[in-house]
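**Q** Based on what follows, work out the 3D shape:
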Amino acid sequence: MDSCQTDVVIVGAGAAGLCAALNAVPRRVLVLAPDDPETSCTELAKGGIAAPIATGDSVALHVADTMRAADHSGCEQIAGIIIGTAVEAIRFLEGAGVRFDASRGSPDLHLEAGHQLPRILHADGDRTGAAIHRALLSRARASEHIAFRTDASAVSLLSGTEGIAGIVALSENSTPLTIYAAETVLATGGLGQLF
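**A** Model (predicted):
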């Protein structure tokens, strides 16, 4: 059985996995992406991202719209936490190279769905997911602390004396590979069926 060691192992190379990898600097990161990382489901995401960045908008107004659109079936506190970090998330994506659509130096904000104010950002028109994924993947590939493995698939978590100690994977020729890591991140999106 082959083995290797890293500070952080991340299973998945979509937006969540790549953001985790980029934020793990200066720790050594191994991203396990069994398929070509460019075929992530993030690439397929259409539409845009909502954030209260317009003049006159606020987290409270955005939360109110979200709760109304959900017929008050969601958790207002959780919605507030998520929406409260939306502007920071947009700034992180811009710093990673995402270019949101803009005109005359201001972001193009759209009014969609249950929002009462324009707050939807798009990148590359309706191909926001692909634009985000391309920028994050490019930044991750250029980062010295991140390595990719595309020749193996995670099959189980590796238990250690103090919890999870990494993963066990199978290579393309079914050779077992043990990846020891201080931190393990599962970022498999729909594949993990945690929705």
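**Q** what pLDDT does Glu112 get?
**A** Per-residue pLDDT puts Glu112 at 89.
**Q** got the contact list for it?
**A** Taking C-beta atoms under 8 Å, 6 or more residues apart in numbering, we find Glu112 in contact with Gly47, Gly48, Ile120. C-beta: built from backbone N, CA, C; applies to glycine.
**Q** How many neighbouring residues does the first one have?
**A** Residue crowding around Gly47 was assessed by other C-beta atoms under 10 Å; the count is 14.
**Q** Would you mind confirming that it is in contact with Asp126?
**A** Yes. With contact defined as C-beta atoms under 8 Å, Gly47 reaches Asp126; the gap is 6.6 Å.
**Q** can you put the contacts of Glu112 in TSV and add distance to Gln77 and secondary structure?
**A** Output for these, formatted as TSV (distance: C-beta to C-beta, whole Å; DSSP: H, G, I helix; E, B strand; the rest coil):
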residue	distance to Gln77	secondary structure
Gly47	25	strand
Gly48	25	coil
Ile120	23	strand
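**Q** Pipe those into a markdown table and attach pLDDT and distance to Ala79 per row.
**A** Below are these laid out as a markdown table (pLDDT from 0 to 100; distance: C-beta to C-beta, whole Å):
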| residue | pLDDT | distance to Ala79 |
| --- | --- | --- |
| Gly47 | 87 | 18 |
| Gly48 | 92 | 18 |
| Ile120 | 96 | 16 |
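**Q** tell me what the longest helix along the chain is packed against?
**A** Longest helix in the chain, counting residues (DSSP state H): helix 128-141. Helix 128-141 makes packing contacts with helix 15-23, helix 86-95, strand 146-149 when contacts are defined by 3 or more C-beta pairs under 8 Å, 6 or more residues apart in numbering; DSSP states H and E.
**Q** in it, what counts as buried?
**A** Thr128, Gly129, Ala130, Ala131, Ile132, His133, Arg134, Ala135, Leu136, Leu137, Arg139, Ala140 (16 or more other C-beta atoms under 10 Å).
**Q** again, but for stretch 46-65
**A** Buried residues in stretch 46-65, counted by 16+ other C-beta under 10 Å: Gly48, Ile49, Ala50, Ala51, Pro52, Ile53, Asp57, Val59, Leu61, His62, Val63, Asp65.
**Q** Next, report how far stretch 131-145 is displaced from the centre of its chain.
**A** 12 Å (C-alpha atoms, centre = their mean, to the nearest Å).
**Q** Show the average pLDDT along it.
**A** For stretch 131-145, the mean pLDDT works out to 96.
**Q** Kindly report the same for stretch 148-155.
**A** Mean per-residue pLDDT for stretch 148-155: 92.
**Q** With stretch 13-20 instead?
**A** Here the average pLDDT along stretch 13-20 is 95.
**Q** contacts for that stretch?
**A** Contacts for stretch 13-20 (C-beta under 8 Å, 6+ apart): 8, 10-11, 31, 33, 37, 40-42, 92, 129, 132-133, 136-137, 139-140, 148, 185, 187, 189.
**Q** Sweet, I'm off.
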